[in-house]
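The following block contains a protein sequence and its predicted model.
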Amino acid sequence: MAQPSRIQLFIKKQLTLSGILNILFMLAVVAVIVSADAKALLIRGLLSMKLFKADVSSIEQPKPAPQLIFKDNKGNVIQTNNLKGKVIYINFWATWCPPCIAEMPSVNELYTKFSSNPNAVFILADVDHDMPKAEAFLRKHKIDAPLYVMESDIPKELMSGTIPTTLIIDKQGRIIYRHEGVADYASDDFIKYFDGLLK
């Protein structure tokens, strides 16, 4: 009887339970590396473990917000300087950005909680200016928060190029919150913070 070749032994070894688990793990790693949705799912799992809190203890010293101009899909334009007396939540994002995709359910949950408050304004600003693609993304993921594109330049001190970037402008027209990267905006602490701004 012929002895198995080295290749046959290698294949047999890889087909053990341990080998199969290693192969599945490697496939999962590859999926996370190449798929934005897989990365977003992983980040969303980390969000659910409270690893990415929207830190309300590190609120910046309030500073006057520059005029920011946004346009919705119907061509309606809003200017932040015309919204004094309201609290404005702005999230700069893109459909291809895994951290943006991961935090979007928490952003939408915050929006849903405060959407009936006339003093709360929510702006999801698609940085790619691709309204049809962004609308399709929001529909697919059942996100109800209002979609806009920028009609003015974004000052570098507000967004350095990292997305997602979230800003909050208070009733006096001052930037009081700025966060780069993924965060859980549906956490109890953040909801309490946002609610306090509206009072």
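Yep, that arrived.

Now do the helices in this protein.
With DSSP state H, the ranges of helices along the chain come out as 6-14, 17-34, 36-48, 98-114, 131-140, 188-198.

what's the closest non-adjacent residue to residue 197?
Nearest non-adjacent residue to residue 197, counting by Cβ to Cβ, 6 or more residues apart in numbering: residue 87, 4.7 Å away. All C-beta spots, glycine's among them, are computed from the backbone N, C-alpha and C.

Any idea how many residues pack against residue 198?
As a burial measure, residue 198 scores 14 neighbours (other Cβ atoms under 10 Å).

Going forward, the N-terminal residue is numbered 479.
Okay, using 479 as the starting number, the last item reads as residue 676.

which residues sit in contact with it?
By Cβ atoms under 8 Å, 6 or more residues apart in numbering, the contact set of residue 676 is 565, 592, 595, 597, 598.

Tell me how far it lies from residue 620.
According to Cβ to Cβ, to the nearest Å, residue 676 and residue 620 sit 25 Å apart.

Contact partners for residue 623?
569, 585, 586, 589, 593, 600, 602, 616.

confidence score at it?
On the pLDDT scale, residue 623 is placed at 97.

and what of residue 511?
58.
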